[in-house]
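Undergrad: for reference, the sequence and a predicted model appear below.
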Amino acid sequence: MLYNHLEKQDSELFASILKEEKRQENELELIASENYASPAVMEAMATVLANKYSEGYPGKRYYGGNYVIDEIETLAIERAKKLFEAEHVNVQPLSGSPANAAVYMAFLNPGDKVLGLKLDHGGHLSHGHSVNFSGRLYNFVQYGVDEKTGLIDMEEVRRIALAEKPKMIVAGFSAYSREIDWQGFKDIADEIGAYTFADIAHIAGLIAGKQLKNPVPIFDVVSTTTHKTLRGPRGAIIMCKEKFAKQVNSAVFPGMQGGPHNNMTAAKAVAFGEALKPEFEEYSKQTILNAQAMAQEFLNRGYKVVSGGTDNHLFVLDLSPKGMVGKEAEKVLEKIGISVSRSTIPNDPNPPMNPSGIRVGTPAMTTRGMKEEEAKLVATYMDEAFVNREDEIKLEELKGKIKELCSRFKIPS
Ligand code: DSN
């Protein structure tokens with residue numbers, strides 16, 4: 001990218017930015033929640049829109065001079081509505097956890113009971129973990145995945161829901177690789193009169209790209225970040241039924257946040273415009289094909305994949321059959337220029353800081369244009385790195401191979 005002013009004015013910071021740019025170019029990103037926003041999305045983020053305060057909503061602001069911002073926010077809202085078939089969209093949430101905080105604030109009182117998936121079974125901190133605001137403010141009860149299959153057992157969810165009678169059921173996960181039975185969750189919630197809340201942060205792009213089922217038309221409220229498979233800027237949105245629009249808007253502002261970040265709203269609009277194009281369907285499809293090819297290659301090589309495979313952009317690799325743990329794998333891969341995040345496996349015997357697995361995702365490599373052939377090749381390199389983890393010469397050689405692969409599949413710029 002061009003950074004004319006930054007280069008002249010702040011050489012110290014500029015050097016670090018260039019270093020990170022190089023790292024991203026030369027190394028392979030397999031963190032399931034990361035992606036490369038398009039140059040148009042990046043341009044929108046670095047605009048004068050960042051200078052403006054706009055508390056309130058289009059047509060109802062608390063500051064003057066917002067007639068252009070109104071136009072931009074409305075455009076983002078209309079595009080998101082179309083993309084997800086949503087009745088109402090709030091595009092102001094700053095990121096995923098603040099969006100989820102606003103959802104809880106809109107529908108619950110502190111102390112209310114909520115049902116969500118355990119973090120170590122693939123859930124998210126903001127779905128009721130005890131160290132998170134969600135677990136401290138609300139009374140979360142949790143469901144897990146089946147120990148043998150690694151799948152969500154809807155009978156078990158129903159059993160807990162009927163016994164506990166939560167006011168809200170949360171579905172949607174950060175490390176679960178299977179298609180989610182949204183209708184099943186909705187049916188259970190209807191039996192006990194609970195609200196349905198889907199957090200589709202990880203899979204929003206695959207839903208927008210028409211590869212996975214969409215909970216928005218049937219759930220009460222749905223949140224998503226905009227920067228993962230959706231490939232937009234850092235940020236989030238909340239979608240809900242029209243009848244909940246007022247309470248959701250009030251929870252975001254003035255409940256949770258002050259002024260929206262208008263540059264990010266504009267970048268969200270750009271990303272939604274991109275996701276509405278037919279090419280995005282191809283991208284989403286390829287992201288899944290790549291994850292499946294890579295997971296299969298690991299299975300062929302004797303690894304254990306939680307739930308036996310994937311229907312989406314990620315899978316969790318249980319490293320225990322190979323005598324490794326997540327932290328060690330993360331470090332070895334960093335040496336060859338691959339980034340992954342360590343991950344718990346269901347009922348992990350190891351602690352969260354050094355769990356038994358890693359989470360592998362394909363959104364970023366697919367944005368670079370890689371396909372199944374490259375996905376399999378990368379799995380091969382990863383396996384070779386694990387097997388030869390004490391051999392620095394071999395690791396150096398693999399680093400060269402990853403760099404060469406990255407040079408053939410450049411980040412769109
Ligand atoms: N940090 C994100 C992830 O990696 O899934 C979720 O917040």
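TA: Sure thing, it's come through. Numbers count the residues shown, from 1 in each chain.
Undergrad: and the helix or strand hosting residue 155, how far out from the chain middle?
TA: Residue 155 is part of helix 154-164 when elements are defined by DSSP states H and E. Relative to its parent chain, helix 154-164 has a centroid offset of 26 Å by C-alpha atoms, centre = their mean, to the nearest Å.
Undergrad: could you list the residues in contact with it?
TA: 113, 115, 141, 143-144, 146, 169, 181, 184-185, 188-189, 191-192, 194 (C-beta atoms under 8 Å, 6 or more residues apart in numbering). C-beta here means a position set from N, CA and C on the backbone, and glycine is covered the same way.
Undergrad: could I have that helix exported to PDB, CA atoms only?
TA: Backbone C-alpha positions of helix 154-164 (Å, rounded to 0.1, in the frame of the first residue of the first chain) are rendered in PDB as follows:
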ATOM      1  CA  MET A 154     -29.800 -31.500  19.700                       C
ATOM      2  CA  GLU A 155     -31.600 -34.000  22.100                       C
ATOM      3  CA  GLU A 156     -29.100 -32.900  24.800                       C
ATOM      4  CA  VAL A 157     -29.700 -29.300  24.000                       C
ATOM      5  CA  ARG A 158     -33.500 -29.900  24.300                       C
ATOM      6  CA  ARG A 159     -33.100 -31.800  27.600                       C
ATOM      7  CA  ILE A 160     -31.100 -29.000  29.200                       C
ATOM      8  CA  ALA A 161     -33.400 -26.300  27.800                       C
ATOM      9  CA  LEU A 162     -36.600 -28.000  29.100                       C
ATOM     10  CA  ALA A 163     -35.000 -28.500  32.500                       C
ATOM     11  CA  GLU A 164     -33.400 -25.000  32.900                       C
END
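Undergrad: rewinding a little: closest one to the ligand out of the contacts of helix 154-164, please.
TA: residue 144 (18.0 Å; C-beta to the nearest ligand atom).
Undergrad: name the nearest residue to that closest one, ignoring sequence neighbours.
TA: When the adjacent residues along the chain are set aside, residue 144 lies closest to residue 121, with 4.3 Å between them (C-beta to C-beta, 6 or more residues apart in numbering).
Undergrad: would you mark the buried spots in the helix holding residue 155?
TA: 157-158, 160-161, 164 (16 or more other C-beta atoms under 10 Å).
Undergrad: and residue 360, helix, strand or coil?
TA: When states are read from DSSP: H, G, I helix; E, B strand; the rest coil, the local structure at residue 360 comes out as strand.
Undergrad: residues contacting it?
TA: Contact analysis of residue 360 by C-beta under 8 Å, 6+ apart lists 30, 32, 291, 294-295, 314-317, 340.
Undergrad: so what's residue 106 up against?
TA: The neighbours of residue 106, taking C-beta under 8 Å, 6+ apart as the test, are 221, 244, 247-248, 250-251, 255.
Undergrad: residue 264 too?
TA: Taking C-beta under 8 Å, 6+ apart as the definition of contact, the neighbours of residue 264 are 45, 94, 233-235.
Undergrad: the residues you listed also near the ligand: which ones?
TA: Filtering the contacts of residue 264 for proximity to the ligand by C-beta under 6 Å from any ligand atom leaves nothing.
Undergrad: farthest pair in the contacts of helix 154-164?
TA: The widest separation within these, taken as C-beta to C-beta, falls between 113 and 146 and amounts to 23.3 Å.
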